[in-house]
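Chemist: Everything below, folded, please.
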Amino acid sequence: MKTFVGNNQANMAIYSIRDLEKLTGIKAHTIRIWEQRYGLITPARTDTNIRYYTDENLRLLFNIALLNRNGLKISKLAQMTPEEIASKGGAIAENNTNPNAQIDALTLGMIDLSEAAFEHVFAEYVSAHGFEQTMLELVYPFLDKLRLLWLTNSISPANEKFVGHIIRRKLMCAVDNARPRPDSLVFLLYSPEGEIQELTLLFIQYLLRSRGLRVAYLGANIAISDLKDACLTLKPNYVFTILQEPLPRHPIQTYVDNVAQAINGSELLLTGQQFFVSPVKLPSNAVVLNGLPGTLQFLDSLKVKR
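Modeler: Below you'll find the predicted structure:
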């Protein structure tokens, strides 16, 4: 578990070897070999002789792994100084378009709370692959890794909030730059009360607008009564929502039935883990999409119809 200690350095982050394994993807057994046989990593020790690792160890390990994946033998790396390893690792990372290497770079930017580092990786990937592919190939795999790290207490909530706000800003900017057609289908997007899936909902908004489709985005914590009022005014072709977490006050079947009735003839598009946890009998105007792949497939089918 990542913790913070006072000692001689205020609020210094420390990691266990299992934290390093989760953050870098390098097995703890391999880290110990690199440490004991080659002297590449030098852990610190507590007053009770328990080993721990610092941010400096973590950065060094990321660079060692990057160089090793790119053909440098561990025995060769063991002869280099940490400064030389960092320099060579930075040079390779600068020109490495492999998503795994870029995810490692995003992880380091998150740990260091370095907006400049995060922005650089993101901008370079967008330049090479476009915004949509950057989200699908880089950001979502990174967020999956982030959730695992958060659940295992390998990172602090501050790290998660830091990158969450950057990604949110990127999404909102991309949404603003996407121009829908005035005569296109209309989608209404919202999250139920108690559901927190803002980044994914914003990305869905971008996917729709970038394909020329009109979107009314209501945001999070929307009551069914408010949804009904919006549908009466807007008369959308589709209403889209995500049910990732259990609903606090309704069985999911009751909630889906009530929403399907409230949206006044629109088609209800549903996605999220809850539809794969327990069976739901779908109303005639509702369909479940299997996550982002299913949503993209649905959007492609709209293009074919048109």
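Chemist: Stretch 144-153: which residues count as buried?
Modeler: If you call a residue buried by 16 or more other C-beta atoms under 10 Å, then stretch 144-153 has these buried ones: 145, 146, 149. Every residue, glycine included, has its C-beta placed from N, CA and C.
Chemist: Quick one: those as CSV, columns for pLDDT and distance to residue 208 too.
Modeler: Compiled in CSV, the buried residues of stretch 144-153 are given as follows (pLDDT from 0 to 100; distance: C-beta to C-beta, whole Å):
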residue, pLDDT, distance to residue 208
145, 83, 27
146, 82, 25
149, 74, 30
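Chemist: In helices only, show me those.
Modeler: For the buried residues of stretch 144-153, the ones inside helices are 145, 146, 149, with DSSP state H as the criterion.
Chemist: Closest one to residue 181 out of the residues you listed, please.
Modeler: Distance from residue 181 was checked for each of those by C-beta to C-beta. The minimum falls on residue 146, at 35.1 Å.
Chemist: Surely that closest one is in contact with residue 162?
Modeler: No: here residue 146 does not reach residue 162: they are 10.6 Å apart, not a contact under C-beta atoms under 8 Å.
Chemist: just to revisit the earlier point, any chance of the ones in helices among the buried residues of stretch 144-153 in TSV, with distance to residue 168 too?
Modeler: Conversion of those to TSV gives the following (distance: C-beta to C-beta, whole Å):
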residue	distance to residue 168
145	18
146	14
149	19
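Chemist: Give the next helix or strand downstream of the helix or strand hosting residue 215.
Modeler: The secondary structure element spanning residue 215 is strand 214-222 (assigned by DSSP states H and E). Per DSSP H and E, strand 214-222 leads on to helix 224-234 as the next helix or strand towards the C-terminus.
Chemist: and that following helix, what does it pack onto?
Modeler: Helix 224-234 is packed against strand 186-192, strand 214-222, helix 252-262, with contacts defined by 3 or more C-beta pairs under 8 Å, 6 or more residues apart in numbering; DSSP states H and E.
Chemist: got the angle between the helix or strand following it and strand 214-222?
Modeler: Sequence-wise, the next helix or strand downstream of helix 224-234 (DSSP H and E) is strand 238-242. Orientation of strand 238-242 against strand 214-222 (axes from the mean of the first three to the mean of the last three C-alpha atoms, to 10 degrees) gives an angle of 40 degrees.
Chemist: residues making contact with strand 238-242?
Modeler: Contacts of strand 238-242 from elsewhere in the structure, counted by C-beta atoms under 8 Å, 6 or more residues apart in numbering, are 185-192, 195, 197, 200-201, 204, 227, 231, 259, 263, 266-272.
Chemist: Mind listing the residues bridging to residue 15?
Modeler: Note on residue 15: beta-bridge partners residue 53, judged by DSSP bridges.
Chemist: Burial check on it, number of neighbours?
Modeler: Residue 15 has 24 neighbouring residues, counting by other C-beta atoms under 10 Å.
Chemist: same check, this time on the one 3 residues further on
Modeler: Summarising burial for residue 18: neighbours were counted as other C-beta under 10 Å, giving 13.
Chemist: host element of it?
Modeler: With DSSP H and E as criterion, residue 18 is part of helix 17-24.
Chemist: got a list of contacts for that helix?
Modeler: Outside helix 17-24, the residues within contact range by C-beta under 8 Å, 6+ apart are 1-2, 15, 26-28, 31-32, 43, 51, 53, 57-58, 61-62, 65, 104, 107, 111, 148-149, 152, 154-155.
Chemist: Okay, residue 238 and residue 171: tell me how far apart.
Modeler: Counting by C-beta to C-beta, to the nearest Å, the gap from residue 238 to residue 171 is 20 Å.
Chemist: Could you tell me which residues make contact with residue 263?
Modeler: If a contact means C-beta under 8 Å, 6+ apart, then residue 263 has 188, 227, 228, 231, 236, 239, 285 as its contacts.
Chemist: Can you verify my assumption that residue 138 contacts residue 107?
Modeler: No: using C-beta under 8 Å, residue 138 and residue 107 do not qualify as a contacting pair, with a distance of 11.6 Å.
Chemist: Burial check on residue 262, number of neighbours?
Modeler: If you count neighbours by other C-beta under 10 Å, residue 262 ends up with 20.
Chemist: got it, and residue 14?
Modeler: Residues near residue 14, counting by other C-beta under 10 Å, number 21.
Chemist: before we move on, back to that, so whichever helix or strand comes after the helix holding residue 18 versus helix 17-24, what angle?
Modeler: Toward the C-terminus, helix 17-24 is succeeded by helix 28-36 as the next helix or strand (DSSP H and E). For helix 28-36 against helix 17-24, the angle between stretch directions is 110 degrees (the same axes, to 10 degrees).
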